[in-house]
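Participant: kindly generate the corresponding structure for this input.
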Amino acid sequence: MNTLLNRANQLFTFAVIVLALMTAANYLSIYVLKPPVVTASFQATDVFRVSKFPYQEIDADFAAFRFNLTADLSQLFNWNTKQLFVFLTAEYQNPQYVRNTVTFWDSIILNKEDSVMQFVDNIVEYPLLDIAHNILGKELAVYINWDVTPIAGVFYGSKQK
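Facilitator: Numbering: from 1, shown residues only. Prediction:
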């Protein structure tokens, strides 16, 4: 009646169904948790270059600076978090576009112990570059952004000023 292959197929199917249900329960369990509270503070300490781009081939505004960053992202970690992608953006407005967003620093955090960040006099990874010449003399709003990569489920993220 039931051969060895039939029994192996039933066992394999049962194991796959159980794993799929456990994965779905893991994904749905994050909605039971309270929303995480992220604390962060940012301060530009030394703007050491705001000028035209130093190379003649590209006609653009250029800005580079040092900054202090203190952030506690530990509450974003739970049993379904694989990693965090954290990045700092500067937003500004100009007559041509309502919102311009430039990323100037990023990091990947793999565990909860590294999620409490404190940087002093850190230099931007990616200098601000604007080919429309609208960054000089503008007020910049700085945001800390994060994307959570879950073990199972959909990517999600947010930002805070």
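Participant: any idea which helix or strand comes after the worst-scoring helix or strand of the chain on mean pLDDT?
Facilitator: Using mean pLDDT, DSSP states H and E, strand 39-52 stands out as the lowest-scoring helix or strand of the chain, at a mean of 66. Using DSSP states H and E, the helix or strand that directly follows strand 39-52 along the chain is strand 61-72.
Participant: show me where the protein has strands.
Facilitator: For the chain, the strands defined by DSSP state E cover 39-52, 61-72, 81-92, 100-109, 116-123, 128-130, 141-150, 156-160.
Participant: of all the ones you listed, which one is nearest Val18?
Facilitator: Closest to Val18 of these, according to CB to CB: strand 141-150, at 19.9 Å. Glycine gets a C-beta too; all of them are placed from N, C-alpha and C.
Participant: which neighbouring elements make contact with the closest one?
Facilitator: When contacts are defined as 3 or more CB pairs under 8 Å, 6 or more residues apart in numbering; DSSP states H and E, strand 141-150 packs onto strand 39-52, strand 81-92, strand 156-160.
Participant: try it again with 10 Å
Facilitator: In terms of contacts (3 or more CB pairs under 10 Å, 6 or more residues apart in numbering; DSSP states H and E), strand 141-150 is packed against strand 39-52, strand 61-72, strand 81-92, strand 100-109, strand 156-160.
Participant: what lines up beside the last one in the sheet?
Facilitator: Which is strand 156-160. Taking DSSP bridges as the criterion, strand 156-160 sits next to strand 141-150 (antiparallel) in its sheet.
Participant: so for Gln93, what's the pLDDT?
Facilitator: pLDDT for Gln93: 80.
Participant: quick check: it touching Ala132?
Facilitator: No. Contact criterion CB atoms under 10 Å: Gln93 and Ala132 do not qualify, at 11.8 Å.
Participant: now the common contact residues for those two.
Facilitator: Between them, Gln93 and Ala132 share these contacting residues under CB atoms under 10 Å, 6 or more residues apart in numbering: Asn100.
Participant: quote the end-to-end distance of stretch 152-159.
Facilitator: For stretch 152-159, the first-to-last residue distance is 22 Å (CA to CA, to the nearest Å).
Participant: now do the buried residues in it.
Facilitator: Within stretch 152-159, the residues that count as buried by 16 or more other CB atoms under 10 Å are 152-153.
Participant: kindly report the same for stretch 106-123.
Facilitator: Across stretch 106-123, burial judged by 16+ other CB under 10 Å covers 109, 115, 117, 122.
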